[in-house]
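Visitor: Okay, structure incoming, though there's no sequence with it:
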């Protein structure tokens, strides 16, 4: 992930594995990342990711920040309910560990770098496209720091 | 699996498998992180646990499961991945269990952010907890996880060194029944040499210990096809027999995709047993060529032992000084100067030895500081190779594994870290 993000032009703050939520929030508040990426492999990502993104979104300066999660999101094969829940909780990008989704992640990163609005579903869980009305995501440009947890 | 009823059923199925089996109780990630609240939330129906919450379940519930399946022919082992495992060990002992795995280095650097010195203290305490079983006339057993570390891209000499050092740590803290792990890598001849080296070192250093080597089927990115997965497992079973490993931890056909069902676990155990039995009928192979793995492992181990007689003190020092430095490991205490690469045949080499007490090596062209695509190629090497391999003529192919659709209820598994 770090290598990939660096190739996309980001300076990466790599917090490593098993990052406590408090530490993640603290680092994000301190570093004002352009994008936050969570990587998950143990099947609990659909649970822990929801907790994490809700906490992050409570922080005012992080409300507009693009946040993505990817990997083995649950203990079964791709579960669309889990993907929906993660988006509804506040993730702008939700990716499985397939090669196709890794390409999609690249598209996501490029759209963040280009300053295009994040494709975020409104927090109430309804499906939508583009920027929800009333929010104006202030995306920082490429070259700013991003965080991988 | 989280539910005791499911756990018992799973263990019974493993016990009944047409193979010599050990029952495993694999703990969920919240339990490994001492997150009781996370366990309770999941149990309350807000998500599926990836293992058995032995601390939150009462000891009477767990010991009922244990007593109903364990006997002289079927032992049980708890599998987890915690750097703060005291409550796990206490719960284990209360439930009548006596065998588990891990180690102060191998359950710290890959799976946590806890300072290594704290992990060492925790594991020393856990060894002492286990050794209290001696009062009840039971022999506790610990298996090192050091032969695995991140699961791939670590040159064998370092895996061997950490596995041996952890076994010596367990011995220092009172254990006399110990197994040393080594994880299958990407080249079976190199692995054969590595396990031979591991056994040589164990025989020299653990002479008053009842020890054996346990081989883990490949712990990295897994083949995504059933045939690729079963072929890789086949090779693991044959490697175990060839090299004198006494026990094998299997992986199933669905490892790349999801937690397996009980039936898939049993199928993997039986498939491995068939391959192992076939391998036993082959002529004994020549010992593998000595490419220097034993000498390297010895140098790494000796450098730590030379720091002093107390591994509780010297292991954190060794990590801090870079005498042990796991390639690509992101733990804050891991120095992160070493790099490795795979050659065309899957052999692992150092491209940068960092501060390791080995002949200094930096191979710029093969440096791990190449890009993400190159790194991904190395990560995917085994999966790609086995997914694209034609069926081998190496012995009878087991019947095709019937892969069932995933069941929505939590099924059994071996866990992976948070």
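Guide: Sure thing, it's come through. Quick caveat, the model's predicted, so the values are computed rather than measured. Residues are numbered from 1 along each chain as shown, chains lettered A, B, ... in the order given.
Visitor: Spell out the secondary structure type for the nearest residue to residue B:192 once chain neighbours are set aside.
Guide: Spatial nearest neighbour of residue B:192, chain neighbours left out: residue B:288 (4.3 Å); criterion: Cβ to Cβ, 6 or more residues apart in numbering or on different chains. Placement of C-beta: from N, CA and C, glycine included. Counting by DSSP: H, G, I helix; E, B strand; the rest coil, the backbone at residue B:288 sits in coil.
Visitor: Quickly note the distance from residue B:288 to residue A:107.
Guide: According to Cβ to Cβ, to the nearest Å, residue B:288 stands 46 Å off from residue A:107.
Visitor: Kindly report the same for residue B:85.
Guide: Applying Cβ to Cβ, the value for residue B:85 to residue A:107 is 42 Å.
Visitor: Where do the helices of chain A begin and end?
Guide: Assigned by DSSP state H, chain A shows helices spanning A:2-7, A:21-31, A:45-58, A:80-89, A:99-113.
Visitor: Report the contact partners of residue B:335.
Guide: Residue B:335 makes contacts with B:319, B:320, B:322, B:325, B:354, B:355, as judged by Cβ atoms under 8 Å, 6 or more residues apart in numbering or on different chains.
Visitor: burial of residue B:226, as a residue count?
Guide: Per other Cβ atoms under 10 Å in any protein chain shown, the neighbour tally for residue B:226 reads 17.
Visitor: The closest residue to it other than its chain neighbours - how many residues pack around it?
Guide: Leaving aside its chain neighbours, residue B:226 sits nearest to residue B:253 (4.5 Å; criterion: Cβ to Cβ, 6+ apart). A count of neighbours around residue B:253, defined by other Cβ under 10 Å, yields 24.
Visitor: Let me know the distance separating residue B:253 from residue B:228.
Guide: Distance of residue B:253 to residue B:228, given as Cβ to Cβ: 9 Å.
Visitor: if you skip the residues just before and after it, what's nearest to residue A:6?
Guide: In this structure, residue A:6 finds its nearest non-sequential neighbour in residue A:12, 5.8 Å apart by Cβ to Cβ, 6+ apart.
Visitor: again but with residue B:299, I slipped
Guide: If the residues on either side of it in the chain are set aside, residue B:299 comes closest to residue B:357, at 5.5 Å by Cβ to Cβ, 6+ apart.
Visitor: cool, and residue B:138?
Guide: Distance criterion Cβ to Cβ, 6+ apart; nearest residue to residue B:138, sequence neighbours excluded, is residue B:98 at 5.1 Å.
Visitor: The one you found and residue B:142 touch, don't they?
Guide: No: in this structure, residue B:98 is not within contact of residue B:142 by Cβ atoms under 8 Å, at 9.9 Å.
Visitor: Count residues in the vicinity of residue 91, would you?
Guide: Since no chain was named, I'll use chain A. Using other Cβ under 10 Å, the number of residues around residue A:91 comes to 27.
Visitor: think we crossed wires, I meant chain B
Guide: When neighbours are counted by other Cβ under 10 Å, residue B:91 registers 22.
Visitor: go on, residue B:290?
Guide: Residue B:290 has 11 neighbouring residues, counting by other Cβ under 10 Å.
Visitor: so it makes contact with residue B:190?
Guide: No: judged on Cβ under 8 Å, residue B:290 makes no contact with residue B:190 at a distance of 11.4 Å.
Visitor: For chain A, name the helix or strand with the lowest mean pLDDT.
Guide: Among the helical and strand segments of chain A, the one scoring lowest on mean pLDDT, DSSP states H and E is strand A:145-148, with a mean of 36.
Visitor: Contacts for stretch B:43-56, please.
Guide: Counting by Cβ under 8 Å, 6+ apart, residues outside stretch B:43-56 touching it are A:42-44, A:46-47, A:74-76, B:1-2, B:4, B:7, B:25-31, B:34, B:36, B:39-42, B:62, B:78, B:80, B:87-88, B:91-92, B:95, B:259, B:409-410, B:413, B:415-416.
Visitor: which among those end up buried?
Guide: A:42-44, A:46-47, A:74-76, B:1-2, B:4, B:7, B:25-31, B:34, B:39, B:41-42, B:62, B:78, B:80, B:87-88, B:91-92, B:95, B:259, B:410, B:413, B:415-416 (16 or more other Cβ atoms under 10 Å in any protein chain shown).
Visitor: rewinding a little: looking at residue B:85 and residue A:107, which one has more neighbours?
Guide: Shown here are residue B:85 and residue A:107; by other Cβ under 10 Å, residue B:85 has more neighbours (27 against 10).
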